[in-house]
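Colleague: Need coordinates for the below:
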Amino acid sequence: MKPVGPVSVPAAPVRLTQFAHGGGCACKIPPGELEAMVAGLLPPGNPGQALGGNKNRLLVGLDDGDDAAVVLTGDGTALVSTADFFTPVVDDARDWGRIAAANALSDVYAMGGRPVVGLNLLGWPRDVLPAELAREVLAGALEVAREAGCFVGGGHSIDSPEPLYGMAVTGLVDPDRLLRNDAGRPGVPLTLTKPLGVGILNNRHKRTGEVFAHAVATMTMLNDRAAAAALEVGAVCATDVTGFGLLGHLHKLARASGVTAVVNAAAVPVLDGARESLRAGYVSGGTRRNLDWVRPHLDAGRASQDELHLLADAQTSGGLLIAGEVPGHLVIGELVPAVAGTTLVIR
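Modeller: The predicted structure is shown next:
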């Protein structure tokens, strides 16, 4: 018998989600804490006034927590600017890059704009994870940026304890056709362009390693067509649904617009497997914090705790929530005159 030499055992695949305490937009600072953090930073008066006597003017800024900043330049052009990054939401490096890029670009689309150039924002634990994986993240992001017709022009990287990736994106927007979160009016229907449930499925993926290809597909889908469709029907109010969940982002929209939002829970689209995963306990801490934040402003009706967790589910690269009826997408509720102390009603 010939002597048996050492056997080469393939290395186990790296599970990126195990190198971060949270995942995707669920790792955001809770909305209540964030609002307290930035409270009082703006001077009294109109925050959109011109600076230094020039003609540049901030059209959308920090005051209502909109999706991106919009600046009107001296020549009448409006620039839209945003930044978004997070820890791994899936284990596949290239998919994470694709999702993070789509998520960052979404803020520009949510304002009715067109992304022009993005800058990479990368944090990488150099002594723990191989550089080849970081390259895969960047390659995935570049793939989605090219799909969007958006240049990628470098960026910034640091050595960090946890892997982080995202983009700072600059785009252009017609100042007369802005989508903003403070322009909602009573009597207008609410349209949602992507199903909920990615936060629940991502939480299950992190804990079990199961892969949900349909969740990845919805997270990597650009919101460009949804934004174009919203502008086509004359919409002026929208936001995207990300880390604060449908209820959190809708609360911000209703509060900024001075209205109350009524949601028909049965009409809200949900990804396959999300309800079953919810019943199995795959709820992120971010989702629970979202619900705690909106609960004082919420008339939950007969909605169950599971239903509320689904509506508050911390989405990553979710769809657009548009004040207006957009063909091809589901109407999930409407805006009504403000009800004292209540921004959200579930029916």
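Colleague: Could you give the bridge partners of residue 339?
Modeller: With beta bridges defined as DSSP bridges, residue 339 has these partners: residue 342.
Colleague: Is it in contact with residue 261, as I believe?
Modeller: No. In terms of Cβ atoms under 8 Å, residue 339 does not count as a neighbour of residue 261; the distance is 10.0 Å. In short, each C-beta sits where N, CA and C put it, glycine included.
Colleague: Need the residues touching each of the two.
Modeller: Taking Cβ atoms under 8 Å, 6 or more residues apart in numbering as the criterion, residue 339 and residue 261 both touch residue 345.
Colleague: Give the residue from those two that has the larger number of neighbours.
Modeller: Neighbours were counted for residue 339 and for residue 261 using other Cβ atoms under 10 Å; residue 261 has more, 26 against 15.
Colleague: Run the chain-centre distance for the helix or strand containing residue 107.
Modeller: Applying DSSP states H and E as the criterion places residue 107 in helix 93-110. Averaging C-alpha coordinates over helix 93-110 and over its chain gives two centres that are 9 Å apart (Cα atoms, centre = their mean, to the nearest Å).
Colleague: For it, C-alpha coordinates in CSV please.
Modeller: What follows is helix 93-110, C-alpha atoms only, in CSV (Å, rounded to 0.1, in the frame of the first residue of the first chain):
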residue,chain,number,x,y,z
ALA,A,93,-19.2,39.9,-1.6
ARG,A,94,-20.2,40.8,-5.1
ASP,A,95,-23.9,40.8,-4.2
TRP,A,96,-23.2,43.0,-1.2
GLY,A,97,-21.5,45.5,-3.4
ARG,A,98,-24.4,45.4,-5.9
ILE,A,99,-27.0,45.9,-3.1
ALA,A,100,-25.0,48.7,-1.4
ALA,A,101,-24.7,50.6,-4.7
ALA,A,102,-28.3,50.2,-5.6
ASN,A,103,-29.2,51.4,-2.1
ALA,A,104,-27.0,54.5,-2.3
LEU,A,105,-28.3,55.4,-5.8
SER,A,106,-31.9,55.0,-4.5
ASP,A,107,-31.7,58.3,-2.5
VAL,A,108,-31.1,60.2,-5.8
TYR,A,109,-34.0,58.5,-7.5
ALA,A,110,-36.2,59.2,-4.4
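Colleague: buried residues in it?
Modeller: Buried residues in helix 93-110, counted by 16 or more other Cβ atoms under 10 Å: 93-110.
Colleague: mean confidence score for that helix?
Modeller: Per-residue pLDDT values across helix 93-110 average out to 97.
Colleague: need the next SSE after it, C-terminal direction.
Modeller: Scanning forward in sequence from helix 93-110, with DSSP H and E defining helices and strands, the next element found is strand 114-124.
Colleague: Could you spell out the sheet neighbours of that next one, each with its direction?
Modeller: Looking at strand 114-124 with DSSP bridges, its paired strands and their directions are strand 151-159 (parallel), strand 164-173 (antiparallel).
Colleague: Tell me the buried residues in that strand?
Modeller: Neighbour-count burial for strand 114-124 flags 114-116, 118-124 (criterion: 16+ other Cβ under 10 Å).
Colleague: Just the CA atoms of that strand, as PDB, please.
Modeller: Coordinates of each C-alpha in strand 114-124 appear next as PDB, following Å, rounded to 0.1, in the frame of the first residue of the first chain:
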ATOM      1  CA  ARG A 114     -30.500  61.200 -12.000                       C
ATOM      2  CA  PRO A 115     -27.200  59.900 -10.500                       C
ATOM      3  CA  VAL A 116     -24.100  61.200 -12.300                       C
ATOM      4  CA  VAL A 117     -21.000  60.100 -10.300                       C
ATOM      5  CA  GLY A 118     -20.400  57.900  -7.200                       C
ATOM      6  CA  LEU A 119     -17.500  57.600  -4.800                       C
ATOM      7  CA  ASN A 120     -16.700  54.400  -3.000                       C
ATOM      8  CA  LEU A 121     -16.800  54.400   0.800                       C
ATOM      9  CA  LEU A 122     -14.900  51.300   2.100                       C
ATOM     10  CA  GLY A 123     -14.000  50.100   5.500                       C
ATOM     11  CA  TRP A 124     -12.100  46.800   5.600                       C
END
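Colleague: what angle sits between that strand and helix 93-110?
Modeller: 140 degrees (axes from the mean of the first three to the mean of the last three Cα atoms, to 10 degrees).
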